[in-house]
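S.K.: Provided below are the primary sequence and the corresponding predicted coordinates.
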Amino acid sequence: MKADEFIKQVKERAHLDSRDQALEATRATLCVLGERLFGGERNDLAAQLPPELQPFLLEPMESESFDLKEFFERVGEEEGIGTAQAQQHATAVISVLCDAVTRGEIEDVKSQLPKDFAALFEGTRH
């Protein structure tokens, strides 16, 4: 999937008004997801994304453990929006991510996340 298609899908699934909002939702979600991944998993996931989106996952950062509630809070902080809206945006981004990368890669990502993150992947094709 090309970056433009990824962003277009996020815009549609999150019911956003502009491409810029969809790009910001994507950046915030991937950035926070990258903070939650350990070892080479961040690089493995980024390798399957369009080059324009890879830096969002690969920004220098320390990996940390946190739950789904904190994930949404961090996405909201990154994006400058409330937690409820961040949940909607992040869910849309993860949905598109699941369509954009292989099932095996999504399973690898999910294996690093606590069980409460399963809700984030509900309704995706993986």
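M.R.: Looks like it came in fine.
S.K.: any idea which helix or strand carries P60?
M.R.: Using DSSP states H and E, P60 is not contained in any helix or strand.
S.K.: got it, and F71?
M.R.: Per DSSP H and E: helix 68-79 holds F71.
S.K.: quick check: buried residues in that helix?
M.R.: 68, 71-76, 78-79 (16 or more other Cβ atoms under 10 Å). Where you see a C-beta, it was placed from the backbone N, CA and C, and this is true even at glycine.
S.K.: what does stretch 112-126 give?
M.R.: Buried-residue list, stretch 112-126, by 16+ other Cβ under 10 Å: 113, 117, 120-121, 126.
S.K.: gap between Q54 and A47?
M.R.: As judged by Cβ to Cβ, to the nearest Å, Q54 and A47 stand 8 Å apart.
S.K.: the more surrounded of these two?
M.R.: Q54 (17 against 13; other Cβ atoms under 10 Å).
S.K.: tell me the phi and psi of the nearest residue to that one once chain neighbours are set aside?
M.R.: Distance criterion Cβ to Cβ, 6 or more residues apart in numbering; nearest residue to Q54, sequence neighbours excluded, is A46 at 4.3 Å. Backbone torsions of A46, given as degrees, to the nearest 10, read phi -60, psi -40.
S.K.: what's the neighbour count on A46?
M.R.: Number of residues near A46 (other Cβ under 10 Å) recorded here: 19.
S.K.: for this structure, which segments are assigned as helices?
M.R.: Remark: helices assigned in the chain by DSSP state H are 3-13, 19-36, 41-47, 54-58, 68-79, 83-100, 103-111, 118-121.
S.K.: check the residue of the chain positioned farthest from its centre and give its pLDDT.
M.R.: For the chain, the residue at maximal distance from the C-alpha centroid (Cα atoms, centre = their mean) is D17, at 19.2 Å. Per-residue confidence at D17 stands at 96 (pLDDT).
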